[in-house]
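Student: Curious how this folds, go ahead:
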Amino acid sequence: MTSGGTPPGDQRRFPVFDEPERPPRAWRWWLVPGALIVIVAVVIAVVVSTGKSSPARVPTSTPSTAPQLPPGATPLPGATGDPAESFGTLGPISRARSDITSSQALRRYDRIAGVVSRRGSHQRVFSALVRAAFIDGGKLQRGAFWIVSVWYHPPSTFPSLEHRWCVDNGIVSATSGTAVGHVSGCLPIGGRPRPLQ
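Tutor: Here you go, the predicted structure:
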(Lines give C-alpha, C1' and ligand atoms only; values in the text may rest on other atoms or scores of the structure.)
Protein backbone atom coordinates (compact mmCIF):
# COMPACT_ATOMS: atom_id res chain seq x y z
CA MET A 1 0.00 0.00 0.00
CA THR A 2 1.11 3.50 -0.77
CA SER A 3 0.04 6.83 0.61
CA GLY A 4 -1.56 9.50 -1.52
CA GLY A 5 -3.27 7.08 -3.77
CA THR A 6 -0.49 7.05 -6.35
CA PRO A 7 -0.10 3.71 -7.97
CA PRO A 8 3.24 2.07 -7.31
CA GLY A 9 4.13 2.01 -10.95
CA ASP A 10 3.91 5.79 -11.23
CA GLN A 11 6.42 6.58 -8.45
CA ARG A 12 9.42 8.64 -9.61
CA ARG A 13 12.58 6.49 -9.48
CA PHE A 14 16.10 7.89 -9.03
CA PRO A 15 18.57 6.79 -11.71
CA VAL A 16 21.28 4.39 -10.66
CA PHE A 17 24.75 5.97 -10.89
CA ASP A 18 26.27 3.99 -13.72
CA GLU A 19 29.74 4.52 -15.22
CA PRO A 20 29.89 7.66 -17.36
CA GLU A 21 29.85 7.22 -21.03
CA ARG A 22 33.29 6.70 -22.55
CA PRO A 23 34.38 9.26 -25.08
CA PRO A 24 34.77 8.12 -28.61
CA ARG A 25 38.06 6.46 -29.48
CA ALA A 26 39.17 9.30 -31.80
CA TRP A 27 38.87 11.85 -28.96
CA ARG A 28 40.96 9.71 -26.62
CA TRP A 29 43.67 9.28 -29.25
CA TRP A 30 44.24 13.07 -29.38
CA LEU A 31 44.19 13.45 -25.57
CA VAL A 32 47.82 12.36 -24.93
CA PRO A 33 49.51 14.45 -27.68
CA GLY A 34 47.38 17.43 -26.73
CA ALA A 35 48.47 17.18 -23.08
CA LEU A 36 52.13 16.93 -24.14
CA ILE A 37 51.81 20.05 -26.31
CA VAL A 38 50.33 21.98 -23.39
CA ILE A 39 53.13 20.87 -21.03
CA VAL A 40 55.86 21.82 -23.52
CA ALA A 41 54.25 25.21 -24.12
CA VAL A 42 54.12 25.90 -20.36
CA VAL A 43 57.79 24.93 -19.90
CA ILE A 44 58.89 27.18 -22.78
CA ALA A 45 56.85 30.07 -21.41
CA VAL A 46 58.46 29.68 -17.97
CA VAL A 47 61.98 29.55 -19.41
CA VAL A 48 61.43 32.59 -21.63
CA SER A 49 59.85 34.64 -18.87
CA THR A 50 62.69 33.74 -16.47
CA GLY A 51 65.31 34.78 -19.03
CA LYS A 52 63.61 38.14 -19.61
CA SER A 53 63.19 38.95 -15.95
CA SER A 54 66.81 38.37 -14.96
CA PRO A 55 69.17 41.23 -15.84
CA ALA A 56 71.99 40.46 -18.22
CA ARG A 57 75.26 39.86 -16.41
CA VAL A 58 78.21 41.86 -17.62
CA PRO A 59 81.43 39.90 -17.12
CA THR A 60 83.86 41.68 -14.88
CA SER A 61 87.59 41.14 -14.90
CA THR A 62 88.22 37.42 -14.79
CA PRO A 63 90.70 36.50 -12.10
CA SER A 64 93.78 34.97 -13.62
CA THR A 65 94.50 31.43 -12.53
CA ALA A 66 98.15 31.65 -13.56
CA PRO A 67 100.50 32.54 -10.68
CA GLN A 68 102.02 36.00 -10.69
CA LEU A 69 104.99 37.56 -8.93
CA PRO A 70 104.18 39.63 -5.83
CA PRO A 71 103.81 43.40 -6.38
CA GLY A 72 107.19 44.21 -4.78
CA ALA A 73 109.21 41.90 -7.06
CA THR A 74 111.71 43.74 -9.29
CA PRO A 75 112.78 42.18 -12.61
CA LEU A 76 116.46 41.64 -13.20
CA PRO A 77 118.21 44.44 -15.14
CA GLY A 78 117.59 44.07 -18.87
CA ALA A 79 114.93 41.39 -18.39
CA THR A 80 111.77 41.67 -20.49
CA GLY A 81 108.86 39.42 -21.40
CA ASP A 82 108.62 36.01 -19.72
CA PRO A 83 111.92 36.28 -17.76
CA ALA A 84 110.71 39.55 -16.23
CA GLU A 85 107.35 37.97 -15.32
CA SER A 86 108.75 34.74 -13.86
CA PHE A 87 111.68 35.96 -11.69
CA GLY A 88 111.95 39.06 -9.52
CA THR A 89 114.12 40.20 -6.63
CA LEU A 90 112.55 41.15 -3.30
CA GLY A 91 115.56 42.85 -1.71
CA PRO A 92 119.04 42.11 -0.35
CA ILE A 93 119.67 39.68 2.49
CA SER A 94 122.56 39.13 4.89
CA ARG A 95 125.51 37.08 3.65
CA ALA A 96 125.07 34.92 6.74
CA ARG A 97 121.97 33.49 5.02
CA SER A 98 124.08 32.00 2.21
CA ASP A 99 125.85 28.65 2.25
CA ILE A 100 128.26 29.76 -0.46
CA THR A 101 130.46 32.84 -0.75
CA SER A 102 130.44 35.54 -3.41
CA SER A 103 133.63 34.15 -5.01
CA GLN A 104 132.03 30.70 -5.20
CA ALA A 105 128.96 32.20 -6.87
CA LEU A 106 131.22 33.90 -9.43
CA ARG A 107 132.90 30.59 -10.27
CA ARG A 108 129.46 28.91 -10.58
CA TYR A 109 128.46 31.70 -13.00
CA ASP A 110 131.44 30.88 -15.24
CA ARG A 111 130.11 27.30 -15.63
CA ILE A 112 126.68 28.35 -16.96
CA ALA A 113 126.45 27.61 -20.68
CA GLY A 114 126.16 30.67 -22.90
CA VAL A 115 127.05 33.35 -20.36
CA VAL A 116 129.14 36.41 -21.15
CA SER A 117 132.75 36.24 -20.01
CA ARG A 118 133.60 38.24 -16.90
CA ARG A 119 137.00 39.00 -18.35
CA GLY A 120 137.28 42.05 -20.55
CA SER A 121 138.55 45.60 -20.41
CA HIS A 122 135.07 47.13 -20.51
CA GLN A 123 133.16 44.55 -18.46
CA ARG A 124 131.71 45.55 -15.11
CA VAL A 125 130.78 42.78 -12.71
CA PHE A 126 128.46 43.02 -9.70
CA SER A 127 127.28 40.28 -7.37
CA ALA A 128 124.37 40.56 -4.94
CA LEU A 129 122.75 38.20 -2.47
CA VAL A 130 118.97 38.66 -2.70
CA ARG A 131 115.63 37.19 -1.76
CA ALA A 132 113.70 36.41 -4.91
CA ALA A 133 110.27 35.23 -5.98
CA PHE A 134 110.00 32.97 -8.99
CA ILE A 135 107.46 30.80 -10.79
CA ASP A 136 108.46 27.18 -11.21
CA GLY A 137 106.16 24.41 -12.39
CA GLY A 138 103.16 26.73 -12.31
CA LYS A 139 103.69 27.62 -8.63
CA LEU A 140 104.97 30.78 -6.96
CA GLN A 141 108.06 30.09 -4.84
CA ARG A 142 110.68 32.09 -2.95
CA GLY A 143 114.36 31.57 -2.24
CA ALA A 144 117.80 33.09 -1.69
CA PHE A 145 120.05 33.59 -4.72
CA TRP A 146 123.33 35.12 -5.76
CA ILE A 147 122.82 37.31 -8.83
CA VAL A 148 126.04 37.79 -10.82
CA SER A 149 125.56 40.68 -13.26
CA VAL A 150 128.13 41.09 -16.02
CA TRP A 151 127.69 44.41 -17.84
CA TYR A 152 129.24 44.80 -21.30
CA HIS A 153 128.99 46.71 -24.58
CA PRO A 154 127.39 44.72 -27.39
CA PRO A 155 129.54 44.23 -30.49
CA SER A 156 128.41 46.78 -33.04
CA THR A 157 129.79 48.71 -35.98
CA PHE A 158 127.52 51.70 -35.34
CA PRO A 159 129.22 54.48 -33.34
CA SER A 160 125.88 55.45 -31.73
CA LEU A 161 125.69 52.01 -30.08
CA GLU A 162 129.23 51.94 -28.72
CA HIS A 163 128.12 53.19 -25.32
CA ARG A 164 124.99 51.07 -25.04
CA TRP A 165 125.12 48.69 -22.11
CA CYS A 166 123.87 45.12 -22.02
CA VAL A 167 123.87 42.79 -19.02
CA ASP A 168 123.97 39.06 -18.43
CA ASN A 169 122.53 38.03 -15.05
CA GLY A 170 123.61 34.66 -13.72
CA ILE A 171 121.32 33.12 -11.08
CA VAL A 172 122.98 30.87 -8.49
CA SER A 173 121.18 29.25 -5.55
CA ALA A 174 122.56 30.58 -2.26
CA THR A 175 121.77 27.34 -0.43
CA SER A 176 122.86 24.62 -2.84
CA GLY A 177 125.26 26.57 -5.07
CA THR A 178 123.40 25.28 -8.14
CA ALA A 179 123.60 27.52 -11.19
CA VAL A 180 119.94 27.96 -12.11
CA GLY A 181 120.42 29.85 -15.37
CA HIS A 182 120.94 33.33 -16.75
CA VAL A 183 118.88 36.21 -18.13
CA SER A 184 120.30 38.65 -20.69
CA GLY A 185 119.12 41.97 -22.07
CA CYS A 186 120.20 45.43 -23.14
CA LEU A 187 119.30 48.80 -21.70
CA PRO A 188 118.12 51.73 -23.81
CA ILE A 189 120.88 54.07 -24.96
CA GLY A 190 121.91 56.15 -21.98
CA GLY A 191 121.23 53.42 -19.39
CA ARG A 192 124.05 52.81 -16.97
CA PRO A 193 125.30 49.69 -15.15
CA ARG A 194 124.02 49.46 -11.59
CA PRO A 195 124.27 46.90 -8.81
CA LEU A 196 121.12 45.28 -7.50
CA GLN A 197 119.58 47.01 -4.51
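Student: and A105, what is it in contact with?
Tutor: Residues in contact with A105 (CB atoms under 8 Å, 6 or more residues apart in numbering) are 127, 146, 148, 170, 172, 174, 177. Just so you know, the C-beta spots here come from the backbone N, C-alpha and C atoms, and that holds for glycine as well.
Student: and the third one, that one's in a strand?
Tutor: What that stands for is V148. Yes. Under DSSP: H, G, I helix; E, B strand; the rest coil, V148 sits within a strand.
Student: Tell me how many other residues crowd it.
Tutor: V148 sits with 26 neighbouring residues when counted by other CB atoms under 10 Å.
Student: for the helix or strand S127 falls within, what is the average pLDDT?
Tutor: Applying DSSP states H and E as the criterion places S127 in strand 124-136. Mean per-residue pLDDT for strand 124-136: 96.
Student: Pick out the least confidently modelled helix or strand of the chain, by mean pLDDT.
Tutor: Among the helices and strands of the chain, helix 25-29 carries the lowest confidence by mean pLDDT, DSSP states H and E, at a mean of 56.
Student: now the strands: where do they sit in this structure?
Tutor: 87-92, 124-136, 139-152, 166-173, 179-186 (DSSP state E).
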